[in-house]
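>>> one predicted model, sequence on top.
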Amino acid sequence: MQEDKKLIYVADDDDNIRQIVKTFLSSDGYEVEDFPTGDLLLARFAQRPCDLAILDVMMPGKDGFAVCTALREQSTVPIIMLTARDSDNDYAMGLGLGSDDYITKPFSAMSLMLRVRALFRRVEFESRKYTPEETQGTKVGNLTLDEDRRHILMNGQPLALTPTEYEVLKYLMAHADQAVSREELLNTVWGYETAVETRATDDTVRRLRQKLDGGGVNIAAVWGYGFRLEESK
């Protein structure tokens, strides 16, 4: 395998869907391993972490939401939910648990492949260590944005952020001390403008608040509108 070849795990109990996804992604240059259950994917992940996981929601054993939660407890690996469940609550729950995209069946394999490419463009993580002297960029409180390496540092150390968390925090840092609406975040980060996904922004901000403890900043709620990143007083 080429050193820079991305590894993708796909968990779905539908053999045909797994084969279609695997064929398309393999043809695009990715290494792909597929699993009929999320439990098998988690076991494999413990042995060899992947670069991206695609999870069906309805599976025997742990469902996709439970697998997403388990992955988020140990990793910031990008996650795409792939499912026939298309209710508003399912969509919000998937994003709220830390997934980075949510695609409903039936779907276009080409569309999925394009989303995978786009997601990888957002999550090019560097493996080497960084020192504060090596970073330049926007600073808010004890946070420093290193956009070239797609890191946000807190007190000189990279924060463990999911791709979506990174994009939200970067946007808030770029608009520090300004009120940013939920709709603006949805349009910029998720690419959606409808009110259905409002819970996704709230849940992402909730997770960021927990990770920013000690960062000298606060994500304040702007009632009925959105959020504002400001330095702690």
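Right, received. Where do you want to start? If you're wondering where the values come from, they're calculated on a predicted model, not measured in any experiment.

>>> distance of the residue nearest in space to the middle of the chain relative to F65?
Closest residue to the average C-alpha location of the chain: D100 at 3.5 Å, with CA atoms, centre = their mean. Using CB to CB, to the nearest Å, D100 is found at 14 Å from F65. Just so you know, the C-beta spots here come from the backbone N, C-alpha and C atoms, and that holds for glycine as well.

>>> and the residue nearest to the centre of the chain, what does it touch?
P78, I79, I80, L119, T162, P163, T164 (CB atoms under 8 Å, 6 or more residues apart in numbering).

>>> in its sheet, what does the strand or helix carrying the third one sit against?
I take that to be I80. Element membership of I80, judged by DSSP states H and E, is strand 79-83. Within its sheet, strand 79-83 is paired with strand 52-55 (parallel), strand 101-104 (parallel), according to DSSP bridges.

>>> make JSON lines out of those and add distance to S26.
Supplementary listing: the strands paired with strand 79-83 in JSON lines, determined by distance: least, CB to CB, whole Å:
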{"stretch": "strand 52-55", "distance to S26": "13"}
{"stretch": "strand 101-104", "distance to S26": "18"}
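
>>> of those, which shows the lowest average pLDDT?
Among these, strand 101-104 carries the lowest mean pLDDT, a mean of 80.

>>> what's the following helix or strand after it?
helix 109-122.

>>> so how far is the helix or strand following that following helix off the chain centroid?
Downstream of helix 109-122, the first helix or strand assigned by DSSP H and E is strand 139-140. For strand 139-140, the separation from the chain centroid amounts to 23 Å (computed by CA atoms, centre = their mean, to the nearest Å).

>>> what mean pLDDT does strand 139-140 get?
On average, the pLDDT along strand 139-140 is 90.

>>> can you give the distance of the helix or strand following it from its chain's centre?
Remark: after strand 139-140, the chain's next helix or strand is strand 143-146, criterion DSSP H and E. Relative to its chain's centre, strand 143-146 lies at 19 Å (CA atoms, centre = their mean).

>>> same deal with stretch 148-159?
With CA atoms, centre = their mean, you get 16 Å for stretch 148-159.

>>> next one: stretch 101-111
17 Å.

>>> got it, and stretch 219-232?
For stretch 219-232, the distance to the chain centre is 22 Å (CA atoms, centre = their mean).
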